[in-house]
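Engineer: What shape does this take:
(2 chains)
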Amino acid sequence: MRITADQASGFAQALFSARADRTPIPPLTEGDPELGVDDGYAIQQELVSLLIAQGEVVSGYKLGLTSLPMQKLLGVDQPDFSPVFSSTIYPDGATLSMENFIAPRVEAEIAVVLKEGLAGPHCTPNQVYQATAGLLAAIEIVDSRIIDWQIKIADTIADLASNGAIALSSNLIPIDSFDPRLVGMVFTKNGHVIATGAGAAALGDPLAAVAWLANTLAPLGVTLPVGSVIMTGALHAMVPIAPGDIFRAEFAHLGPITLRVSE
Amino acid sequence: MTYSEPAKRLIEAAENRVATTALTDSDPNLNVASAYDIQAEVVQARLDRGHVVVGAKLGLTSIAKQKQMNVSEPLYGWLTSDMQIDTEASLRCNDFIQPRCEPEIAFLLGSDLNGAHISAVHVLAATQYIFAAVDVLDSRFAGYSFTLPDVAADNSSSAGFTLGGTAINPEGLNLRTLGCAFEKNGQLIATASGAAVLGHPASSVAWLVRKLATRGEGLKAGHIILSGAITEAVAVEPGDCITARFDQIGTVEIPCI
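Structural biologist: Just a heads-up that it's a prediction; the model follows:
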């Protein structure tokens, strides 16, 4: 099915209010089980328009569902994406408050920063390489405006691909001397190793993930401008957070990034 | 040479390539210390046939695996010369019962390592080269169904191993964040970094040295130490191809025939 503009606008308004009030809502797919990927993006576009009208500025994108296990879990065979807003970008070492989120979880990722614009639909990983200023160590704070993360694919896509905020290191590293697929990462919580991974976890190659994004945006008439930050996808399973936690993702070549959660 | 009954079962299972049942099924009181005595017999059986000890390997080095087995420490086994699969050679599935492969970081020691106070730093200082490696497991117990004493007695499922063709000086190498992408037939199985092994692969080797010290044993210059799996193991059969791609220390590719 394909929802009407009015329906999309109604769903977007519900998500907009849920974000503002930090009060989760039932899954959109509960009321309308037929909602699919296209419907999800239609609602997402409406939601993004509402946020931009409120003064938000798009700084980049995030990719989600970039690993096979996550795609299987949601019954899809491709990743999803959402814009990321400048007001939701934390620096390395930041302290975040649980109060700003509903049910936050964290995941370590590699972020790509563009020094040239990229346009699909025929963007290749090699073009992404040419257009990349460098990589940043990053952590995404995912959050769901849907009660208890009871999401189906249309729910998460509509809900900004469950993005809450991102944290970026300030050390931009050019990629002329290493393979982004093999950049190793160790993720610790309060000093204990809770996960490890490498760049290949993001769709096989973080640069291929960016190419996928550029090609997927093309039919929507959207290109990636210079300076875009692209979160290329989690390198491990997402981790719940609690007050007082200290998370640190240490990457080979890119260095560490730390995030604290206030008591 | 006469072997104990449990050792005989394991030796014959390996020789005939027919799996046996867990030793703890018939002897529920078997503990880890006596299991290592059985392991010594199992290794001796290989030496009696003219092979030599070329190193050691660690198992249960990830917290997840330890929790799964309800234990709080890793275990070890000895590698013998008959287990070596030369760089660029194939894994012959018929030589095993139920082979599984896992990517590891291997240490080649430049000097002996002994003692109850060895730390990761001492291990790094004693290491001549680091190699990318694939460990080939082959439990002698049907379906990998075993408890900790069983697998310790079974020489930690040691069966084969292969090293990448690039010897890397450990100086300046951060093994903790060293990344790996593990593939079977071109499909990504898992990614990880060295920290998956007890937080640092050299910590894993240091644990081994301290553990061996309690039995009056140690590691020798020239020994190859497989520091523990950094991802899950995958089962292999003829026609499969296993690739462990590491950052900075190279790739190991092993075709299975």
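
Engineer: Once you drop chain neighbours, what's closest to the residue of the stretch 51-200 of chain B found nearest chain A?
Structural biologist: When scored by C-beta to the nearest C-beta, the stretch 51-200 of chain B has residue B:179 as its residue closest to chain A, at 2.7 Å. Quick note: C-beta positions are derived from backbone N, CA and C, even for glycine. Closest residue in space to residue B:179, ignoring its immediate chain neighbours: residue A:184 at 2.7 Å, by C-beta to C-beta, 6 or more residues apart in numbering or on different chains.

Engineer: Tell me the bridge partners for the one you found.
Structural biologist: Beta-bridge pairing for residue A:184 (DSSP bridges): residue A:198.

Engineer: Can you give me the neighbour number for residue A:191?
Structural biologist: By the criterion of other C-beta atoms under 10 Å in any protein chain shown, residue A:191 has 8 neighbours.

Engineer: one step back: how near is the residue of the stretch 51-200 of chain B closest to chain A to residue A:178?
Structural biologist: Distance, residue B:179 to residue A:178, using C-beta to C-beta, to the nearest Å: 9 Å.

Engineer: who does the worst-scoring helix or strand of chain A on mean pLDDT touch, helix- and strand-wise?
Structural biologist: Using mean pLDDT, DSSP states H and E, the weakest-scoring helix or strand in chain A turns out to be helix A:68-73, at a mean of 88. Helices and strands touching helix A:68-73, as assessed by 3 or more C-beta pairs under 8 Å, 6 or more residues apart in numbering or on different chains; DSSP states H and E, are absent.

Engineer: Tell me which residues are up against it.
Structural biologist: Helix A:68-73 has contacts (C-beta atoms under 8 Å, 6 or more residues apart in numbering or on different chains) with A:64, A:65, A:77, A:78, A:79, A:234, B:188.

Engineer: now do 10 Å
Structural biologist: Contact partners of helix A:68-73, identified using C-beta atoms under 10 Å, 6 or more residues apart in numbering or on different chains, comprise A:64-65, A:67, A:76-80, A:151, A:153, A:201, A:203-204, A:233-234, A:237-238, B:187-190.

Engineer: What are the buried residues along that helix?
Structural biologist: A:70, A:71 (16 or more other C-beta atoms under 10 Å in any protein chain shown).

Engineer: Quick one: distance of it to the chain centre.
Structural biologist: Offset of helix A:68-73 from its chain centre (C-alpha atoms, centre = their mean, to the nearest Å): 16 Å.

Engineer: again, but for stretch A:113-122
Structural biologist: So, by C-alpha atoms, centre = their mean, the centroid of stretch A:113-122 is 18 Å from its chain's centroid.

Engineer: Can you dump the C-alpha atoms of the least confident helix or strand of chain A in PDB for me?
Structural biologist: Output in PDB follows, covering the C-alpha atoms of helix A:68-73 (Å, rounded to 0.1, in the frame of the first residue of the first chain):
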ATOM      1  CA  LEU A  68      23.100  -9.100   7.900                       C
ATOM      2  CA  PRO A  69      21.800 -10.200  11.400                       C
ATOM      3  CA  MET A  70      20.000  -6.800  11.900                       C
ATOM      4  CA  GLN A  71      18.500  -7.000   8.400                       C
ATOM      5  CA  LYS A  72      17.200 -10.500   9.100                       C
ATOM      6  CA  LEU A  73      15.800  -9.400  12.400                       C
END
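
Engineer: who does the helix or strand that comes right after it touch, helix- and strand-wise?
Structural biologist: Next along the chain after helix A:68-73, taking DSSP states H and E as the criterion, comes strand A:80-85. Judged by 3 or more C-beta pairs under 10 Å, 6 or more residues apart in numbering or on different chains; DSSP states H and E, strand A:80-85 is in contact with helix A:37-53, strand A:58-64, helix A:153-158, strand A:163-168, helix A:206-217, strand A:229-234.

Engineer: who does whatever helix or strand comes next after strand A:80-85 touch, helix- and strand-wise?
Structural biologist: Helices and strands here follow DSSP H and E; after strand A:80-85, the next one along the chain is strand A:89-91. Helices and strands touching strand A:89-91, by 3+ C-beta pairs under 10 Å, 6+ apart, are strand A:132-142, strand A:163-168, strand A:255-261.

Engineer: 8 Å instead, please
Structural biologist: Counting by 3+ C-beta pairs under 8 Å, 6+ apart, strand A:89-91 packs on strand A:163-168.

Engineer: Give me the secondary structure label for the most centrally placed residue in chain B.
Structural biologist: Nearest to the geometric centre of chain B sits residue B:57, at 3.4 Å (C-alpha atoms, centre = their mean). Recorded secondary structure, residue B:57: strand (DSSP: H, G, I helix; E, B strand; the rest coil).

Engineer: any low-confidence regions in chain A?
Structural biologist: A:1 (pLDDT under 70).

Engineer: quick one, what contacts the one residue in it that gets nearest to chain B?
Structural biologist: In chain A, the residue that lies nearest chain B is residue A:184 (2.7 Å; C-beta to the nearest C-beta). Contact analysis of residue A:184 by C-beta under 8 Å, 6+ apart lists A:196-198, A:251-252, B:177-180, B:192-194, B:247.

Engineer: circling back: kindly reformat the helices and strands packed on strand A:80-85 as CSV containing distance to residue A:17 and mean neighbour count.
Structural biologist: Conversion of the helices and strands packed on strand A:80-85 to CSV gives the following (distance: least, C-beta to C-beta, whole Å; neighbours: other C-beta atoms under 10 Å in any protein chain shown):
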stretch, distance to residue A:17, mean neighbour count
helix A:37-53, 10, 19
strand A:58-64, 21, 23
helix A:153-158, 14, 27
strand A:163-168, 16, 23
helix A:206-217, 27, 24
strand A:229-234, 25, 27
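
Engineer: a markdown table for these, including distance to chain B?
Structural biologist: What follows is the helices and strands packed on strand A:80-85, written out as a markdown table (distance: least, C-beta to the nearest C-beta, whole Å):
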| stretch | distance to chain B |
| --- | --- |
| helix A:37-53 | 23 |
| strand A:58-64 | 16 |
| helix A:153-158 | 22 |
| strand A:163-168 | 18 |
| helix A:206-217 | 11 |
| strand A:229-234 | 11 |
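
Engineer: who wins for proximity to residue B:208 among those?
Structural biologist: strand A:229-234 (32.7 Å; C-beta to C-beta).

Engineer: And the closest one, what does it pack against?
Structural biologist: Using 3+ C-beta pairs under 8 Å, 6+ apart, strand A:229-234 sits against strand A:58-64, strand A:105-114, strand A:132-142, strand A:163-168, helix A:206-217.

Engineer: Minimum distance to residue B:154: which of these has it?
Structural biologist: Of all the helices and strands packed on strand A:229-234, strand A:105-114 comes closest under C-beta to C-beta, at 36.2 Å.

Engineer: Tell me the strands beside the closest one, with direction?
Structural biologist: Counting by DSSP bridges, strand A:105-114 is paired with strand A:132-142 (antiparallel), strand A:229-234 (antiparallel), strand A:239-240 (antiparallel).

Engineer: how about the nearest residue to residue A:50, chain neighbours excluded?
Structural biologist: Once flanking residues are discounted, residue A:50 sits nearest to residue A:16: 4.8 Å by C-beta to C-beta, 6+ apart.

Engineer: Contact partners for that neighbour?
Structural biologist: By C-beta under 8 Å, 6+ apart, the contact list for residue A:16 reads A:47, A:50, A:51.

Engineer: of these, closest to residue B:49?
Structural biologist: Nearest to residue B:49 among these, with distances taken as C-beta to C-beta, is residue A:47, at 70.0 Å.

Engineer: Distance check, that closest one against residue A:145.
Structural biologist: To residue A:145, residue A:47 is 10 Å away according to C-beta to C-beta.

Engineer: likewise residue A:261?
Structural biologist: Per C-beta to C-beta, residue A:261 is found 20 Å from residue A:145.
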